[in-house]
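S.K.: need a 3D model of the sequence below.
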Amino acid sequence: MGIIDKVRKVSETVWEIPVTYKEGMRAPARIIATEKLVREITAVMDFQSAASRQWMWA
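M.R.: Here you go, the predicted structure:
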């Protein structure tokens with residue numbers, strides 16, 4: 001199972017990292033990107049940064 005399997009696909013371009021992904025998260029983090037871009041992102045990094053900062057890729 002890859003990192004992308006741990007996120008929930010909300011729509012074609014919205015992905016959500018659940019609060020259960022990392023201890024201490026108070027709100028889900030959302031990533032705005034196509035599935036292709038999410039896969040490319042996860043090839044070079046993990047979602048720890050997004051989970052920590054709760055920011056979006058555009």
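
S.K.: can you pull the contacts of Thr34?
M.R.: 12-13 (C-beta atoms under 8 Å, 6 or more residues apart in numbering). For glycine as for every other residue, the C-beta is placed from the backbone atoms N, C-alpha and C.

S.K.: if you set the cut-off to 7 Å instead, what comes out?
M.R.: Thr13 (C-beta atoms under 7 Å, 6 or more residues apart in numbering).

S.K.: go on, Lys9?
M.R.: By C-beta under 7 Å, 6+ apart, Lys9 lies in contact with Trp15.

S.K.: mind saving the C-alpha coords of stretch 35-45 as PDB?
M.R.: Provided in PDB are the C-alpha atoms of stretch 35-45 (Å, rounded to 0.1, in the frame of the first residue of the first chain):
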ATOM      1  CA  GLU A  35      -4.300  12.000  -9.300                       C
ATOM      2  CA  LYS A  36      -1.200  12.100 -11.600                       C
ATOM      3  CA  LEU A  37       0.200  15.100  -9.600                       C
ATOM      4  CA  VAL A  38      -0.500  13.400  -6.300                       C
ATOM      5  CA  ARG A  39       1.300  10.300  -7.400                       C
ATOM      6  CA  GLU A  40       4.300  12.400  -8.600                       C
ATOM      7  CA  ILE A  41       4.400  14.300  -5.300                       C
ATOM      8  CA  THR A  42       4.400  11.100  -3.300                       C
ATOM      9  CA  ALA A  43       7.300   9.800  -5.400                       C
ATOM     10  CA  VAL A  44       9.500  12.500  -4.000                       C
ATOM     11  CA  MET A  45       8.000  13.200  -0.600                       C
END
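
S.K.: buried sites along it?
M.R.: For stretch 35-45, a neighbour-count test (16 or more other C-beta atoms under 10 Å) marks 38, 41-42 as buried.
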